[in-house]
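Colleague: just need the structure, nothing else, for what follows:
(one chain, ligands or ions: 1)
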Amino acid sequence: MPKLTFPENFWWGAATSGPQSEGRFHKKHANMFDYFYEIKPEVFYKHQGPDTASNFYNDYKEDIRLMKSAGLKVVRTSIQWSRLIDDLEKNTVNDEAVKFYNAVIDEFLAQGITPMMNLHHFDLPVELYHKYGGWESKYVVDLYAGFAEQCFKLFGDRVKFWFTHNEPLVVVEGEYLFEFHYPQKVDGLAAVQVAYNLQLASSKAIASYRSLNLDGKIGVILNLTPPYPATDEKEDVRASEIADLWLNRLYMDASVKGEFPQELVEILEGEQALWQATEEELAIIKNNTVDLLGINFYHPNRVERPKYSPNSLAVDFMPDKFWRDYEKASVRMNVDKGWEIYPRAVYDIAKDIQENYGNIDWFMSENGMGVSNEERYMNASGVIEDDYRIQFIKEHLYWLHQAMEEGSNCLGYHLWTPIDCWSWMNAYRNRYGLISTNIHTQEKTLKKSAHWFKQLSDTNAFEL
Ligand code: BGP
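Modeller: Below you'll find the predicted structure:
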């Protein structure tokens, strides 16, 4: 069997987030999802909300010990703005939350796990949406930069890797285009402004981090969904180029090069749909690019020409049309999740970073396989035998390894997620973890994949 070897110190890890793992215990403010569940529990799978999540707030010591047993050397989670900050406008901190996050960080370090902290994972405090329009507002952008600064000052002595957002694109799509996140708006112009404001928020947080002269790195986590044209016909090829600009290049270019893709700007201008920006803001974006990138990859897009208006490009940015039937055609599907499995995309992403983004440092910050009803794979000793997940990881690592052989600066691979957790509308439906959670008893058990991952992380190698 051929064996693939990865560098020493490769970041074998996994990612979770505050809102999906902690539970709402002792939280002063509601975030967008806490509130969404309060007003519309029926949109969540089995009407299950984020109140307990995976109980990390209470179980963090035991959970971190289990993460160590699964071989995780690095773990990303997030600090919830709605937990840490007491007065959202005065930007004062909540003492109990500071104690909690300090304890979590110290526990990670005590167990020899490097903690990475993200500052926004779809969890804006909902009051800021109701009062000011959330990410539509530049005042909220400034409040976010203030919250980020608090985090750096409080925890930056021990946390050496920071991320400004997880998947800003999902906020834009979920909240302003496709109605899968609260406030379920369908508003193309607001979507464009929010995309810009999220970038501005990221750059302002980076500026604040740099001004504190802390010894660490800061980046952003982007979900790249490489758009492959559904056919070779030129209309599909063109549609996929446009999708690429809007889905990937907007955030990649702005984060790494400090500017938005000119072609995208022109298309939006032509539609009188360009964001409102000032010279001063554009200079902040220009001067505060990332140190490293985290890339989440789950599935590719097979892009077809817009059916409703084949000659128009700019309408692609507007909702209700192209967007809805835009993920198509698949070869192998992750049946439970409805996402195509296409591991080669990892190689394409790595080559793109190498060729078009100066081979900047990056790592796979999420990749994973969501399986529903996973208990069906449990053996008599209560261990889930998730050979499909091991296979999924191997196939993605194969392509990552190939790209690294060709010079890609990839520093690590993180699975979504260490411990089965709560997820947005899907609640506990899709299980991704290396460790299972019984949602009734909160009992946690290493899956077969956790043992495999431990060996991978111990040896930096696996057999295909
Ligand atoms: C990513 C998010 C994660 C996680 C994952 C799985 O986009 O960053 O937070 O939820 O998707 O998605 P789901 O749980 O909906 O299957």
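Colleague: distance of residue 151 from the ligand?
Modeller: Separation of residue 151 from the ligand (Cβ to the nearest ligand atom, to the nearest Å) stands at 19 Å. Yep, even glycine has a C-beta here, placed from its N, CA and C like the rest.
Colleague: show me where pLDDT drops low in this structure?
Modeller: Across the chain, the ranges flagged by pLDDT under 70 are 306-338.
Colleague: mind redoing it with 90?
Modeller: The chain contains residues with pLDDT under 90 at 1-2, 173, 177-179, 186-188, 225-231, 234-243, 246-247, 267-273, 299-341, 439.
Colleague: where does it get nearest to the ligand, which residue?
Modeller: The minimum distance from the chain to the ligand, using Cβ to the nearest ligand atom, falls at residue 423 (3.0 Å).
Colleague: so what pairs up with that residue in the strands?
Modeller: Per DSSP bridges, the residues bridged to residue 423 are residue 427.
Colleague: just the C-alpha atoms of the helix or strand harbouring residue 200, please, in PDB.
Modeller: Using DSSP states H and E, residue 200 sits in helix 188-211. Extracted in PDB, the C-alpha atoms of helix 188-211 (Å, rounded to 0.1, in the frame of the first residue of the first chain):
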ATOM      1  CA  GLY A 188     -29.600  41.700  -3.700                       C
ATOM      2  CA  LEU A 189     -28.500  45.300  -3.000                       C
ATOM      3  CA  ALA A 190     -28.200  44.700   0.800                       C
ATOM      4  CA  ALA A 191     -26.300  41.400   0.000                       C
ATOM      5  CA  VAL A 192     -23.700  43.300  -1.900                       C
ATOM      6  CA  GLN A 193     -23.300  45.900   0.800                       C
ATOM      7  CA  VAL A 194     -23.100  43.200   3.500                       C
ATOM      8  CA  ALA A 195     -20.400  41.400   1.500                       C
ATOM      9  CA  TYR A 196     -18.400  44.700   1.500                       C
ATOM     10  CA  ASN A 197     -19.100  45.500   5.100                       C
ATOM     11  CA  LEU A 198     -17.900  42.100   6.300                       C
ATOM     12  CA  GLN A 199     -14.700  42.600   4.400                       C
ATOM     13  CA  LEU A 200     -14.300  46.000   5.900                       C
ATOM     14  CA  ALA A 201     -14.900  44.600   9.400                       C
ATOM     15  CA  SER A 202     -12.300  41.900   8.800                       C
ATOM     16  CA  SER A 203      -9.700  44.500   7.700                       C
ATOM     17  CA  LYS A 204     -10.500  46.800  10.700                       C
ATOM     18  CA  ALA A 205     -10.100  43.900  13.100                       C
ATOM     19  CA  ILE A 206      -6.700  43.100  11.400                       C
ATOM     20  CA  ALA A 207      -5.700  46.800  11.800                       C
ATOM     21  CA  SER A 208      -6.500  46.700  15.500                       C
ATOM     22  CA  TYR A 209      -4.600  43.400  15.900                       C
ATOM     23  CA  ARG A 210      -1.500  44.800  14.300                       C
ATOM     24  CA  SER A 211      -1.700  48.000  16.300                       C
END
